[in-house]
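*Asks:* okay, predicted coordinates and the sequence, questions at the end:
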Amino acid sequence: MRKIALHLKILLGILFGIIIGIVLTQFSWGTTFVINWIKPFGTIFINLLKLIAIPLIVTSLITGLANLKDIAQLSKMGSRTFVIYISTTLLALTVGLLVVNTVRPGNFISTETRNEMLASFEGSVGEKVREAEAVKAKGPLQPLVDIVPENIFEAAGSNTNMLQIILFTILCGVSLLLISPEKSAPVVAFFQGANAAVLKLVDIIMKTAPIGVFALMASLVAESPSADIFLALGMYGLSVVIGLAMLMYIAYSMIIYFMGGLNAIEFFRKIIPAKLVAFSTSSSAATLPVTMECVEDRLGVDKEVSSFVIPIGATINMDGTVLYQSVAAVFIAQVMGYELTLANQLTIVFTATLASIGAAPVPGAGILMLVIVLESIGVNPAGLALIFAVDRPLDMCRTVVNVTGDAMICVVVNKQMGHTLKPKVFA
């Protein structure tokens, strides 16, 4: 009997989770049952993925950097990676603003629905505004200060501090390049062994993925708002989805073909496991182990490239998130009666680009950054209440684009560094 591929098992888990969630919520006790007895398995799965995110970043990044020939090679790869990241971020913002200004979803929501939702989510919005104000109060260069940890063990205690971990790890890798091979060899050998062990741990955890995504989808259905709110926000959600689809299937396809030398259909097929996990977890950090496995084993990207590009991309390359922020900001402004000028929309581009670099790769981080974007154009952040009802499913979609963008750029940088794709898994 033919063995079912992992990505098909994950897809079946998603489908069964949706079906079970819909069926159980028809009973008065169903929602409570899902939350108490099914959702915890989804939480466990996410925690397992987050558990190995930092060990994977540290071991893979150090071994990848140590395998480089010299500092010049690292500088070349780093500069090209950063330029492509910024370029795709600006492209995502452009697509988002084009779609939202064409569809104008703010014209499709009634005043009654708007007021009802503003009142319902007032407390949650206030909390987000206070968090954003705390970030802004630290000064314009605080994000730069936050990248440098004062205690690496404290930084390693949270997945929201990944930029600090990456900086420390890069410095360690560079140090290994600068000392003699005789002295660096034992350290490199240790991290190579640790990296192999972490990758095997990824394989073990991924065997539980179908159960994990089943639980996540069932709980999502059970906790979703009522259908009339979804209907009221349908055009907003459609605008985000259209923008994400244009970015991923048109823009990314062209980039992957012309700059990466790879057929787009083959590319999308080989990263299906990462996309499914991204969709179900809404977290680039949680998906990181699966993304690296797809890029290295299924696409065949050289390890020295993937170990550098993917961890950094999971932290600062948020194309899906910035596209969503541009659509959401303009949508909220439209609903609340603000007329945005060209200067306002250019401010969105600038602010959202900076916000995406500092956004934590965890579920819901985009909402906090959106507060800063809204205030930069003078729109009341209370308007966030308008999108809370549909934020979770859209968060799932934009995380898929974030992860896909990381993998796409990894293939492009791999080619620019002179490497050829050598897949280990041909499924």
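*Replies:* Right, received. Where do you want to start? Predicted, not measured: the structure shown is a model, and the values here were computed from it. Numbers count the residues shown, from 1 in each chain.

*Asks:* look at the residue lying farthest from the centre of the chain and tell me its secondary structure.
*Replies:* Taking C-alpha atoms, centre = their mean, the residue of the chain most remote from its mean C-alpha position is Glu182, at 39.1 Å. Here Glu182 is helix, with the state taken from DSSP: H, G, I helix; E, B strand; the rest coil.

*Asks:* what's the pLDDT at it?
*Replies:* Glu182 is assigned 86 on the pLDDT scale.

*Asks:* how far away is it from Val188?
*Replies:* Separation of Glu182 from Val188 (C-beta to C-beta, to the nearest Å): 11 Å. Every residue, glycine included, has its C-beta placed from N, CA and C.

*Asks:* same check, this time on Tyr257
*Replies:* From Tyr257 to Val188 the distance is 36 Å (C-beta to C-beta).

*Asks:* who has more neighbours, those two?
*Replies:* A count of neighbours by other C-beta atoms under 10 Å puts Val188 above the other of Tyr257 and Val188, at 17 against 14.

*Asks:* my read: the more buried one touches Ala66, true?
*Replies:* Yes - using C-beta atoms under 8 Å, Val188 makes contact with Ala66 at a distance of 4.5 Å.

*Asks:* overlap of the contact sets of these two?
*Replies:* Residues within reach of Val188 and of Ala66 at once, by C-beta atoms under 8 Å, 6 or more residues apart in numbering, are Leu176.

*Asks:* next SSE downstream of the least confident helix or strand in the chain by mean pLDDT?
*Replies:* Across the helices and strands of the chain, mean confidence by mean pLDDT, DSSP states H and E is lowest for helix 227-232: a mean of 50. Moving toward the C-terminus from helix 227-232, the next helix or strand (DSSP states H and E) is helix 234-245.

*Asks:* stretch 154-171: end-to-end distance?
*Replies:* End-to-end distance of stretch 154-171 (C-alpha to C-alpha, to the nearest Å): 17 Å.

*Asks:* contacts for it next, please.
*Replies:* 50, 53-54, 57-58, 61-62, 65, 146-149, 152, 285, 311-312, 314-316, 358, 360-362.

*Asks:* again, only using 6 Å
*Replies:* By C-beta atoms under 6 Å, 6 or more residues apart in numbering, the list of residues contacting stretch 154-171 from outside reads 50, 53-54, 57-58, 61-62, 147, 149, 152, 285, 311-312, 315, 360.

*Asks:* any regions of the stretch 101-250 of the chain where pLDDT drops low?
*Replies:* Counting by pLDDT under 70, the stretch 101-250 of the chain shows low-confidence ranges at 109-141, 143, 159-163, 224-233.

*Asks:* could you rerun that using 90?
*Replies:* Residue ranges of the stretch 101-250 of the chain with pLDDT under 90: 101, 103-185, 187-189, 191-192, 194-210, 212-238.

*Asks:* now the helices: where do they sit in it?
*Replies:* Secondary structure of the stretch 101-250 of the chain (DSSP state H, counting those that start in this stretch): helices located at 111-120, 122-136, 142-147, 152-155, 162-178, 181-206, 209-223, 227-232, 234-245.

*Asks:* how far off helix 209-223 does the longest one point, in degrees?
*Replies:* Spelled out, it's helix 181-206. Angle between the axes of helix 181-206 and helix 209-223 is 60 degrees (criterion: axes from the mean of the first three to the mean of the last three C-alpha atoms, to 10 degrees).

*Asks:* check the offset of helix 181-206 from the chain's centre.
*Replies:* 25 Å (C-alpha atoms, centre = their mean, to the nearest Å).

*Asks:* repeat for the last one
*Replies:* Shown here is helix 234-245, whose average C-alpha point lies 17 Å from the average C-alpha point of the whole chain (C-alpha atoms, centre = their mean).

*Asks:* then the shortest one?
*Replies:* Between the centre of helix 152-155 and the centre of its chain there are 23 Å (C-alpha atoms, centre = their mean).

*Asks:* which positions in that helix come out as buried?
*Replies:* Ala155 (16 or more other C-beta atoms under 10 Å).
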